[in-house]
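> structure for the following, please:
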Amino acid sequence: MKLLLLSATPMLLLTACGSETASAPKQNDTAAMQTESAETGTASIGATEIAATRPAGFAQCGTCHNVEKDGGNGIGPNLWGVAGNPAAQKAGYAYSPAMKSSGLVWDNATLNTYLKEPLKTVPGTKMAYAGLRNDEQRTEVIAYLDTLKD
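Residues are numbered from 1 along each chain as shown. Model (predicted):
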């Protein structure tokens, strides 16, 4: 039984990455977090508030990527501060040679191309993901990534 579960885990991760459907945060959760933030008088966005603002399409990304400031890497690199910066720059993550030599800068146009077809955009990338084909969800994910910075 244990062997079956261990061998099924990578398949589950890849299945999650390839799914186009994802659920949005519950309205009550978002409202509760906004109320809590207002009550405490915090001006900055904390991890729970960031989680509440994630677009539905990001659920696929969150399977492998962390977005917390100063958070660690997951299966993929932490995405805090990635927008607007060169590819393959997160400390402590073992990028593929293809990504290291890609010369990409994560501007909106590059993110759009890469998120739509990562394996075609950077052949040899470690990101085993077919791509986020839904244009609206991809636009929302890119806008969300742009908020993950100081």
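
> show me what contacts Asp135?
Contacts for Asp135 (CB atoms under 8 Å, 6 or more residues apart in numbering) come out as none. In short, each C-beta sits where N, CA and C put it, glycine included.

> burial of Pro123, as a residue count?
10 (other CB atoms under 10 Å).

> er, Thr53 actually
14.

> can you tell me how far it is from Asn66?
Going from Thr53 to Asn66 by CB to CB, to the nearest Å gives 16 Å.

> same question, Thr147
15 Å.

> these two: who's more crowded?
Neighbour count, other CB under 10 Å: between Thr147 and Asn66, Asn66 has more, with 18 against 12.

> how about low-confidence regions in this protein?
For the chain, applying pLDDT under 70 flags the ranges 1-52.

> mind listing the helices for it?
In order along the chain, the chain carries the following helices (DSSP state H): 2-18, 27-40, 47-53, 58-62, 97-100, 108-116, 118-121, 135-147.

> so Glu117 sits right up against Gly131, yeah?
Yes - using CB atoms under 8 Å, Glu117 is in contact with Gly131, at 4.8 Å.

> and those two? which has more neighbours close in?
With other CB under 10 Å as the criterion, Glu117 and Gly131 differ in neighbour count, and Gly131 comes out ahead with 20 against 14.
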